Structures are given as C-alpha cells and as structure tokens.
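Trainee: prediction below, plus the sequence it came from.
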Amino acid sequence: MLSLVASGRDGRIEGWDRVRKELHEENRLAWNAATVAHNSHKVDQARFLREGGTTLFPEEVELLGDLSGTSLVHLQCNAGQDSLSLVRLGATVTGVDISDEAIGFARRLSAESGIPATFVRADVYDWLAEAAEGPERYDVVFSSYGAITWLSDIRAWGRGIGAILKPGGRFVLVEFHPITGMFGWGWSWKYPIGIKLRRDGVTTGTRSGMVRVCCSPACPRRSPRVQSATGRPRPAAG
C-alpha cells in the first residue's frame, strides 16, 4: 500500500535514485506520436469547451468535490482537455506532462477556448523535485486514466505528491483497474493466463474496471477510499 501524506516540507524525496530515467525519453517520443493521433479525429475542441462542454465524468467531479478557489496540479495532464474542464469548476490549474506535443496542444487549446491554465512540459519526477524545493504548495493534486502504468517508481511519485501538497491537501486519482489490460478488442483474451476468470463477469460498454481513490482528511465522501465505479461514455468534442 502506498501512503501519501501532505507534509508541505522541502527536501530531497526518498526514492529519486531508483527512478529509471532512461525509459522516460522513449515515453516522451511515444506520447508525442500518440497525442497527434488522439487529437486528429476531434473537431473544434476549443469551441466544445467554450460552449460549456466538459471532458470530466460525473464520478470524477463528485470525487474532487468543491474546487472553488483551490490551487490544483494535474499530473500527466496530456493535451489539457481535462485540465481546462477543471478550471471551469473553479480551480487554478497547472498541468504537467512529458510530451512536447501534448503541452503545445494544451497551450493552444487554452488560448483558443479562453480558459486560462498553466501548462509545463517536464518529466513528472523532475517537476515534482523542483516544486518540492520551491515555496508553493497546492490544495489538490489530480491524476487520471492510464497515468500510473507509465511510472518507473510509483513510490517516489507518491512521495513527490506528498511534498507539494498543503497540510490537509488532497490527492485524487482516477485510474483503470490493471485487469483491463488483459483484454483486447471485443473483450477477447489478450495474453495467455494461468487462472480461469468468468467471461460473464466483465460488462461490455462500461468502465467497470475503473478504480478511484481519494487520500485526504477532507475527502467529500470520507478518506481514504478506493471503490470500483461504473462510468459512462466520455462526451466527444465537436
């Protein structure tokens, strides 16, 4: 179990020496290509956001609680659609991502939608280390959907989050359950496995594999909590 504490203290974060930075450049290049592909079929996302659209699920909004007047860091924010949706909920948002393409797109989307946010291109471990040494602390740290599978050291990541939160601050994570990676399209088995699982235990067309976590003494639904949640299709922009 990973324990996250909002310490608000400066100093070196334990575990930084175990971070496998040699893999991060490969991730950056891969996400540069993926970002272009992901956004190639989405039409006028700026207009979608300007007209009140959101890319957040109701479950995320519920878990985040009231964001009015809060400072929020969105780690591994990708192309910024969720970050800008968080701004619409009242937060002052900083998005951090390793991909040049993603951050470039997020900055353009912010300008074209008229929704202000700060986007930083950085390796998340480098950014956390630098932020931990600075004076600023945040009310909320948020990360979601396919973020933690790319981490080379989840404990160092967690300690970095604890170091930049204000005392009593909240870390909110919405993530896919790793079992979903065992399946291909049409819920066929993607990899051979040594155990039997009930095929009828998987519900097609839902996000039944989603896991959401809130670590905070002030969590809207008590804390810490981990629960499975069934989501609904994400609105398409355009």
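Mentor: Yep, that arrived.
Trainee: please report phi then psi for Trp79.
Mentor: Heads up, residue 79 is Ala, not Trp. Taking degrees, to the nearest 10, you get phi -90, psi 10 for the backbone angles of Ala79.
Trainee: part of a strand, is Ile161?
Mentor: No: the assignment for Ile161 is helix, going by DSSP: H, G, I helix; E, B strand; the rest coil, so no strand is present there.
Trainee: just checking, it touches Val172?
Mentor: No: using C-beta atoms under 8 Å, Ile161 makes no contact with Val172, being 10.5 Å away. Glycine gets a C-beta too; all of them are placed from N, C-alpha and C.
Trainee: so for those two, which sits in the more crowded spot?
Mentor: Taking other C-beta atoms under 10 Å, Ile161 and Val172 do not tie; Ile161 has more neighbours (27 against 20).
Trainee: ok, back up a step: so what sits against both of Ile161 and Val172?
Mentor: Common contacts of Ile161 and Val172, defined by C-beta atoms under 8 Å, 6 or more residues apart in numbering, comprise Val141.
Trainee: the protein: strands as residue ranges?
Mentor: Secondary structure of the chain by DSSP state E: the strands cover 71-75, 92-97, 118-121, 138-144, 165-176, 210-215, 225-229.
Trainee: least confident of these, on average?
Mentor: Among the strands of the chain, strand 225-229 carries the lowest mean pLDDT, a mean of 31.
Trainee: residue nearest the centroid of this structure?
Mentor: A centroid search over the chain (C-alpha atoms, centre = their mean) returns Ser143, at 2.3 Å, as the residue closest to the centre.
Trainee: okay, the longest helix along the chain in PDB with CA atoms only?
Mentor: Counting residues, the longest helix in the chain under DSSP state H turns out to be helix 24-39. The C-alpha atoms that make up helix 24-39 are tabulated as PDB, following Å, rounded to 0.1, in the frame of the first residue of the first chain:
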ATOM      1  CA  HIS A  24      11.400   8.300 -20.000                       C
ATOM      2  CA  GLU A  25      12.700   9.600 -23.300                       C
ATOM      3  CA  GLU A  26      11.100   6.600 -25.000                       C
ATOM      4  CA  ASN A  27       7.800   7.500 -23.300                       C
ATOM      5  CA  ARG A  28       8.100  11.200 -24.400                       C
ATOM      6  CA  LEU A  29       8.600  10.200 -28.000                       C
ATOM      7  CA  ALA A  30       5.700   7.700 -27.900                       C
ATOM      8  CA  TRP A  31       3.300  10.200 -26.400                       C
ATOM      9  CA  ASN A  32       4.300  12.800 -28.900                       C
ATOM     10  CA  ALA A  33       3.100  10.500 -31.600                       C
ATOM     11  CA  ALA A  34       0.100   9.300 -29.600                       C
ATOM     12  CA  THR A  35      -1.100  12.900 -28.900                       C
ATOM     13  CA  VAL A  36      -1.200  13.700 -32.600                       C
ATOM     14  CA  ALA A  37      -3.200  10.500 -33.300                       C
ATOM     15  CA  HIS A  38      -5.600  11.100 -30.400                       C
ATOM     16  CA  ASN A  39      -6.500  14.600 -31.500                       C
END
